[in-house]
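Student: quick check, what structure comes out for this input:
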Amino acid sequence: MLRRYFLILLAAMVPAGMHAALREATAGSVVVSHNVLLNGMHIAVVNEQFENRDGRYHIVSESVPVGAFALVQRRSATLTSRGRITEEGLQPERFEGSRGGNDARRVNAEFDWAGASLTLMHDGRNERIDLPTGTQDRLSIMYQFMFFSYDKRWQLDFAMTNGRKLDRYRYTITRDVEIDTPLGRMTTLHLIKQREPGDTETEIWLAPEHRYLPVKMLIVESDGARYEQILTKLEVQP
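Tutor: Numbering: from 1, shown residues only. Predicted structure coming up:
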């Protein structure tokens with residue numbers, strides 16, 4: 001069960017206009033760290049950096065196994081996303097995910113916005129499909145939350161790819177949900193994924209006081225395995 005965590009990173013995780021606070025948030029870089037728990041046991045640390053330079057962004061996320069899990073899975077998982085920043089937010093151009101240079105499960109996604117096509121590269125094959133407006137990848141979506149407008153909105157709806165497939169996601173929004181975090185008690189927007197029978201349960205807590213970045217994420221699989229990702233560090237640099 002433990003080794004499936006890195007597959008979940010690549011396949012499950014871990015959704016209007018820009019205003020002044022968002023411009024400040026994306027002026028230079030955002031550095032975050034999360035603890036990852038499986039059924040309450042600490043199994044990994046996720047370190048991420050979001051950088052914005054001259055209207056372009058680059059995100060790198062590295063998940064490092066810890067404790068007993070490090071004996072089962074020795075290699076870190078790395079996700080990267082790069083692209084443009086527009087008035088609607090992030091517009092990915094390339095997404096990659098792997099657990100090392102020779103990883104047979106390496107995935108890539110190439111976004112051709114001019115041609116409205118998405119090329120998915122995985123398992124030694126390429127697949128080209130239509131690219132819906134506003135599509136995100138598994139990493140960029142975590143920072144696209146900064147760009148959504150939440151006024152009078154009770155649901156988020158967006159397309160997202162993990163490099164293997166493209167799915168549509170819908171989340172309901174509950175406001176003013178207070179939770180305790182390692183950075184203190186926070187008032188959050190609570191997102192709950194609308195799912196079909198057999199889908200994983202997914203919940204995300206966004207912190208308005210921290211530019212709507214996720215401060216907690218929860219995934220519960222059909223077999224009951226419970227994965228939590230909890231923010232432990234946040235730095236915004238000009």
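Student: ok, now which ones touch the residue nearest to residue 135 when sequence neighbours are not counted?
Tutor: Nearest residue to residue 135, sequence neighbours excluded (Cβ to Cβ, 6 or more residues apart in numbering): residue 159, at 4.3 Å. For the C-beta atoms, the positions are set from N, CA and C on the backbone; glycine is no exception. By Cβ atoms under 8 Å, 6 or more residues apart in numbering, the residues touching residue 159 are 132, 134, 135, 136, 166, 167, 168, 169.
Student: among the residues you listed, which two are most distant?
Tutor: 134 and 167 (13.6 Å; Cβ to Cβ).
Student: tell me which of the two has more neighbours.
Tutor: residue 134 (14 against 10; other Cβ atoms under 10 Å).
Student: that one is in contact with residue 158, isn't it?
Tutor: Yes - taking contacts as Cβ atoms under 8 Å, residue 134 lies within contact range of residue 158: 5.9 Å.
Student: all helices of the chain, in order?
Tutor: For the chain, applying DSSP state H gives helices covering 4-11, 20-25, 69-72, 141-144.
Student: C-alpha coordinates for stretch 70-89, PDB please?
Tutor: In PDB, the C-alpha atoms belonging to stretch 70-89 read as follows (Å, rounded to 0.1, in the frame of the first residue of the first chain):
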ATOM      1  CA  ALA A  70      11.800   5.500   2.800                       C
ATOM      2  CA  LEU A  71      12.800   1.900   3.200                       C
ATOM      3  CA  VAL A  72      10.000   0.800   0.800                       C
ATOM      4  CA  GLN A  73      10.300   3.700  -1.700                       C
ATOM      5  CA  ARG A  74      13.800   5.100  -1.900                       C
ATOM      6  CA  ARG A  75      13.400   7.500  -4.900                       C
ATOM      7  CA  SER A  76      11.800  10.900  -4.700                       C
ATOM      8  CA  ALA A  77       8.900  11.800  -7.000                       C
ATOM      9  CA  THR A  78       9.300  15.000  -9.000                       C
ATOM     10  CA  LEU A  79       6.600  17.000 -10.800                       C
ATOM     11  CA  THR A  80       7.300  20.100 -13.000                       C
ATOM     12  CA  SER A  81       5.000  22.500 -14.800                       C
ATOM     13  CA  ARG A  82       5.900  25.500 -16.900                       C
ATOM     14  CA  GLY A  83       4.000  27.900 -19.000                       C
ATOM     15  CA  ARG A  84       2.500  31.400 -19.200                       C
ATOM     16  CA  ILE A  85       0.600  33.700 -16.800                       C
ATOM     17  CA  THR A  86      -2.400  35.300 -18.300                       C
ATOM     18  CA  GLU A  87      -5.200  37.500 -17.000                       C
ATOM     19  CA  GLU A  88      -7.100  34.200 -16.400                       C
ATOM     20  CA  GLY A  89      -4.200  32.700 -14.500                       C
END
